[in-house]
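Novice: Here's my sequence, what's the structure:
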Amino acid sequence: MTATHFGYKSVDEADKARHVRGVFDSVAPRYDVMNDLMSLGLHRAWKAFTLLVADVRDGYMVLDIAGGTGDLALAFSKKVGKTGRVVHTDINEAMLRSGRNRLLDAGVALPTAVCDAEQLPFADNYFHAVSVAFGLRNMTHKDRALAEMHRVLRPGGKLLVLEFSKVVAPLQRAYDWYSFNILPRLGQLVAGDADSYRYLAESIRMHPDQQTLKTMLLEGGFAHVDYHNLTGGLVALHVGIKA
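Specialist: Model prediction:
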């Protein structure tokens, strides 16, 4: 057995995707409500900043990985015009179905696909931009996923990774208390699932910090990588440019 982490637990690599799928199957119906509650609505500002940095334009081809309930995909769709395309993907069918329905309710029909970021079913050098928001930390082989994102980007294309990261030291104690005391209780109250939100808190701590993730992107072939700390490092946006 080759072991990997699932939060603070050690599981077989082959089983991690199943465990992650179980988490998101459970939380999908209340995912958007919980995002607003647990971030006090800040996730909307983080995604708006991502959209600004992406600088997606008319005619662009955009891939949204781990697109979940579709908020970023919807925002991108308003930027690419009639000649562009946004492909909305997730490894979790329940999340993707929820996102597709949300998009249709907004009058937007996008290509939607269940797929694994470590084996993307898209051609080389195709997309102008690739985004993954709050999904990279759940991937078993992050290096493989980043290499796949690099592969499908056009030269000069932009990867945007929005993810929870390492907060500044003065916030660490309060953030830990909130994460392990309030967040699971909120998950139980609103979504009927404390364990999934306890996993969320643990998975954030197991995710590479800002500088480590920057190094991973550079090792994954990106020629230029920057990151922006948001809300004291609670979240970071990494931006990689393909040469």
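
Novice: what about the closest residue to residue 170 other than its chain neighbours, how many residues close to it?
Specialist: Distances taken as C-beta to C-beta, 6 or more residues apart in numbering place residue 232 nearest to residue 170, at 8.0 Å, with adjacent residues excluded. Just so you know, the C-beta spots here come from the backbone N, C-alpha and C atoms, and that holds for glycine as well. For residue 232, the count of nearby residues is 15 (other C-beta atoms under 10 Å).

Novice: With the one 10 residues further on instead?
Specialist: Residues within reach of residue 242, counting by other C-beta under 10 Å, total 22.

Novice: circling back to that earlier point, so which helix or strand takes in the residue nearest to residue 170?
Specialist: Per DSSP states H and E: residue 232 is located in neither a helix nor a strand.

Novice: Now it: phi and psi?
Specialist: When read as degrees, to the nearest 10, the backbone of residue 232 gives phi 70, psi 30.

Novice: Could you pull up the residues touching it?
Specialist: Shown in contact with residue 232 (C-beta atoms under 8 Å, 6 or more residues apart in numbering): 167-168, 170-171.

Novice: Can you say which of those residues are buried?
Specialist: Neighbour counting with 16 or more other C-beta atoms under 10 Å marks residue 167 as buried within the contacts of residue 232.

Novice: Distance-wise, check the residue nearest to residue 170 relative to residue 74.
Specialist: 28 Å (C-beta to C-beta, to the nearest Å).

Novice: Okay, strands next: where are they in the protein?
Specialist: For the chain, the strands defined by DSSP state E occupy 3-6, 9-12, 61-65, 85-90, 112-114, 127-133, 153-164, 224-230, 235-241.
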